[in-house]
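A.B. asks: starting from these lines, generate the structure:
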Amino acid sequence: MSGKKILLVDDDKKVAESIGAFLKKLGHEMILALDGEKALEIVEEENPALVMLDMQLPRINGAEVLTILRNKYKNTKVFIITGYSKEVKWKCDA
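C.D. replies: The predicted structure follows:
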């Protein structure tokens, strides 16, 4: 997946920048969104190859973003990331 456009969605800017720097070193184009609403705008405009999606987000949470992606952008690949240290269950209606 070298050289792909990746959308990283995380409300912790330092974490996002660290992950983004690593992926840039691998040759990927990084786009950052700090909330779920902005993430959906970027998916519509940029059509990224992959969305790395945190679950705890302001405005629209990760589960809601995932549901919208699954229903409207069926071919978009999504990789879930979270800082939770214990199991948490989110409901996705897709």
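
A.B. asks: ok, now how distant is the closest residue to residue 76 other than its chain neighbours from residue 22?
C.D. replies: For residue 76, ignoring the flanking residues on the chain, the nearest one in space by Cβ to Cβ, 6 or more residues apart in numbering is residue 69 at 5.4 Å. All C-beta atoms are positioned from the backbone trio N, CA, C, and that covers glycine. Residue 69 is 23 Å from residue 22, where distance means Cβ to Cβ, to the nearest Å.

A.B. asks: please say which of those two ends up with more neighbours.
C.D. replies: Neighbour totals were compared for residue 69 and residue 22, and residue 69 leads with 21 against 11 (other Cβ atoms under 10 Å).

A.B. asks: doesn't residue 44 make contact with that one?
C.D. replies: No - using Cβ atoms under 8 Å, residue 69 is not in contact with residue 44, being 10.7 Å away.

A.B. asks: so where's this protein shaky on pLDDT?
C.D. replies: By pLDDT under 70, the weakly predicted segments of the chain are 1-2, 84-94.

A.B. asks: okay, now residue 3: neighbour count?
C.D. replies: 9.

A.B. asks: relative to residue 44, how far out is it?
C.D. replies: Residue 3 is 22 Å from residue 44, by Cβ to Cβ.

A.B. asks: so which bits of the helix ranked longest in the chain are buried?
C.D. replies: Scanning the chain for the helix with the most residues, using DSSP state H, yields helix 13-25. Within helix 13-25, the residues that qualify as buried are 16, 19-20, 23, counting by 16 or more other Cβ atoms under 10 Å.

A.B. asks: do stretch 43-60 as well
C.D. replies: 43, 48-55, 57, 60.

A.B. asks: over to stretch 66-76?
C.D. replies: In stretch 66-76, counting by 16+ other Cβ under 10 Å, buried: 66-69, 73.

A.B. asks: tell me where this structure has strands.
C.D. replies: Taking DSSP state E, the strands of the chain run over residues 5-9, 29-33, 50-54, 77-81.
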